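>>> let me see the structure of the following:
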Amino acid sequence: MNQAADEKLRLDKWLWYARFFKSRTLSAEAVTGGKVRVNKQPVHKPSFGVKPGDVLTFAQQRRIRVIEVVALGNRRGPATEAQGLYRDLDPPQPDAQRAPDPTPRRTPGSGRPTKKERRAIDSIKP
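Now for the predicted structure:
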């Protein structure tokens, strides 16, 4: 029997290791709140064991994340190390969803001078 294939890690700890949550407490609260699914099944216990190959679905900020567990990890390391623990199954998000800037930009030299331009003019005057 292969012991490496039977290894599991607590769900809250894995989410924290993979840097999806800032603290382990926040990841445990997300799990107990029913906001995390493992292989399409809702999970309510932070001690639920995840293993490589499991697919996690959860909300993060304003988007739904679909993540496949690739490795378990043994510490909360830097972001580059954390990205090696999972494979992102989300479709790419378009950047065009940002709202346009509500303040219109004016071309330099047109209209009244701005405060910065007035200060520059005043510093030149004798």
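>>> only C-alpha atoms for contact and neighbour calcs from this point on.
Noted.
>>> list the contacts of residue 60.
residue 20 (CA atoms under 8 Å, 6 or more residues apart in numbering).
>>> where does it land on pLDDT?
Looking at residue 60, its pLDDT is 85.
>>> from residue 115, how far off is it?
42 Å (CA to CA, to the nearest Å).
>>> ok, residue 10 next?
With CA to CA as the criterion, residue 10 and residue 115 are 57 Å apart.
>>> off-centre distance for the one helix or strand in the chain whose mean pLDDT sits lowest?
Across the helices and strands of the chain, the lowest-confidence element by mean pLDDT, DSSP states H and E is helix 115-124, at a mean of 89. Taking CA atoms, centre = their mean, to the nearest Å, one finds the center of helix 115-124 at 44 Å from the center of the full chain.
>>> now residue 59: closest residue in space that isn't a chain neighbour?
The shortest distance from residue 59 to any non-neighbouring residue, by CA to CA, 6 or more residues apart in numbering, is to residue 65 (5.9 Å).
>>> which of the three states applies to residue 59?
Here residue 59 is strand, with the state taken from DSSP: H, G, I helix; E, B strand; the rest coil.
>>> who touches it in this structure?
35, 36, 65.
>>> bridging residues for it?
Beta-bridge pairing for residue 59 (DSSP bridges): residue 64.
>>> re the thing from before, and the pLDDT at the residue nearest to residue 59?
Listed pLDDT for residue 65 reads 91.
>>> for the one 3 residues further on, same thing?
Listed pLDDT for residue 68 reads 96.
>>> one more: residue 96?
We have a pLDDT of 54 for residue 96.
>>> check the one 10 residues further on too.
In this prediction, residue 106 carries a pLDDT score of 69.
>>> next one: residue 71
pLDDT recorded at residue 71 is 94.
>>> alright, I will stop here.
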